[in-house]
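In: sharing a sequence plus its predicted fold:
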Amino acid sequence: MIDDNVGSVLDPQENVQDDNEVIIPNLQENVQVDDVRGYLCYVENVQDGVTGSSSFSQENVQNGPRWYFSRKELEENSPSRKDNIDWNSENMLRKSYSDFLQEMGRRLVLPQMTIATALVFCHRFFLRQSHAKNDWEIVAIACIFLAGKVESTINWLQDVIMVGRGVKLGVDEKTLHREKLCTKEYEDLILLAEKLVLVTIDFEIDVAHPYRPLSVAIDKLDVSIESKSLLTQVAYHLVNDGLRSWLCLQFKPHQIAAGVMFLAARGLEMKLNPSDWWCWPELDVNEEQLKEMSDHLLELDKQSSTPRFNHNLECETISTNGLRVDDKN
């Protein structure tokens, strides 16, 4: 059961004594009951209205939580940084749980919207909680279980747990011993992790994604139906790639939609009409943001085993004349 009276943001760095810090046990063959009890005691001791003092805490309760930060803020103010986890290491952890969630979603036959919501939940959780004190695998399982309920694609908790264990072990979950791996204590641990996720994200479960503003923007373009179809396909792939990174913590969904449109058109060598499409008020994006997003997405693409772009060319500047990009060899 989720207790809606549990307070606001938890900041383990500031509000919890060392002997009571939130520690979600690592995924093991058997989770110890004492670990679960200790975690339960932590959650039950959370007081109403507790708010962390970190830079990523809630700005103003009346205005709602703030979820978008500059790259500099994300690099310097992460709770994980206080626990000596550097930016590159945090990005590797972010990619690990993102790949984990994507594979869980595939095995559970979840729509991409549900997987995207789980990813945003996880990103926002670790925006305010440290990787050093929270096992990302348990948090990820809790996030995809919660996202299934939010997006009306519900799975039984035991099924979600078994798929998570299967992904973790790299085997088909059907070959695993359900009674051994999916104990009552482990179920309780996931439900408690779900509670902590809800507390950390201020119970803000209504998540917007770039898919809809992207579709609307592409539909407004004065290009052929075939071009729109191809552009949509590539742009959707780029949205999904970006969800595995910090992009949704810096840019709003409609801005990401503009960024992936720009990069997709560049990759397809497609000129979009009107040439000033990115100036549409509903996209609310500028040239500097387009360049920053495209640079980041290109970097992610370079790291992919199946890159979509020719990386002999690098984006240097963005011209306001359509999608012309000044490249260098």
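Out: Perfect, I can see it now. The model shown is predicted, which means the values in this text are computed figures rather than measured ones. Numbering: from 1, shown residues only.
In: drop to CA atoms for contacts and neighbour counts, all remaining ones
Out: Fine.
In: what ranges do the strands span in the protein?
Out: Along the chain, the stretches classed as strands by DSSP state E are 314-318, 325-328.
In: which one of these has the lowest average pLDDT?
Out: Among the strands of the chain, strand 325-328 carries the lowest mean pLDDT, at a mean of 35.
In: which segments of this protein make up each domain?
Out: What automatic domain parsing lists as the domains of the chain is 18-56+63-200, 211-328.
In: save the ones you listed as a markdown table, and put in mean neighbour count too.
Out: Listed next are those as a markdown table, based on neighbours: other Cα atoms under 10 Å:
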| stretch | mean neighbour count |
| --- | --- |
| domain 18-56+63-200 | 18 |
| domain 211-328 | 17 |
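In: need the longest helix for the protein.
Out: Scanning the chain for the helix with the most residues, using DSSP state H, yields helix 87-107.
In: now do stretch 259-278, average pLDDT.
Out: Stretch 259-278 comes out at a mean pLDDT of 88.
In: what would that stretch look like as PDB? C-alpha coordinates only.
Out: Presented in PDB, the C-alpha positions along stretch 259-278 are these (Å, rounded to 0.1, in the frame of the first residue of the first chain):
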ATOM      1  CA  GLY A 259      16.100  18.700 -31.300                       C
ATOM      2  CA  VAL A 260      15.400  15.200 -32.700                       C
ATOM      3  CA  MET A 261      13.600  16.700 -35.700                       C
ATOM      4  CA  PHE A 262      16.700  18.800 -36.500                       C
ATOM      5  CA  LEU A 263      19.100  15.900 -36.100                       C
ATOM      6  CA  ALA A 264      16.900  13.400 -38.000                       C
ATOM      7  CA  ALA A 265      16.600  15.800 -40.900                       C
ATOM      8  CA  ARG A 266      20.300  16.300 -41.000                       C
ATOM      9  CA  GLY A 267      20.900  12.500 -41.000                       C
ATOM     10  CA  LEU A 268      18.500  12.100 -43.800                       C
ATOM     11  CA  GLU A 269      19.900  15.100 -45.700                       C
ATOM     12  CA  MET A 270      16.300  16.400 -45.800                       C
ATOM     13  CA  LYS A 271      15.500  20.100 -46.000                       C
ATOM     14  CA  LEU A 272      12.400  21.000 -44.100                       C
ATOM     15  CA  ASN A 273       9.800  23.600 -45.000                       C
ATOM     16  CA  PRO A 274       9.200  26.200 -43.700                       C
ATOM     17  CA  SER A 275      12.900  26.800 -43.100                       C
ATOM     18  CA  ASP A 276      12.200  28.500 -39.800                       C
ATOM     19  CA  TRP A 277      10.100  25.700 -38.400                       C
ATOM     20  CA  TRP A 278      12.200  25.600 -35.200                       C
END
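In: start the count at 37, not 1, going forward
Out: Yes, from this point I'll number from 37; that puts the last item at stretch 295-314.
In: what about it, distance to the chain center?
Out: Computed by Cα atoms, centre = their mean, to the nearest Å, the chain-centroid distance of stretch 295-314 equals 25 Å.
In: could you do stretch 142-160 as well?
Out: Chain-centre distance of stretch 142-160: 8 Å, with Cα atoms, centre = their mean.
In: in the stretch 87-236 of the chain, which spans are helices?
Out: 107-112, 115-118, 123-143, 148-164, 172-186, 193-205, 214-217, 220-236 (DSSP state H, counting those that start in this stretch).
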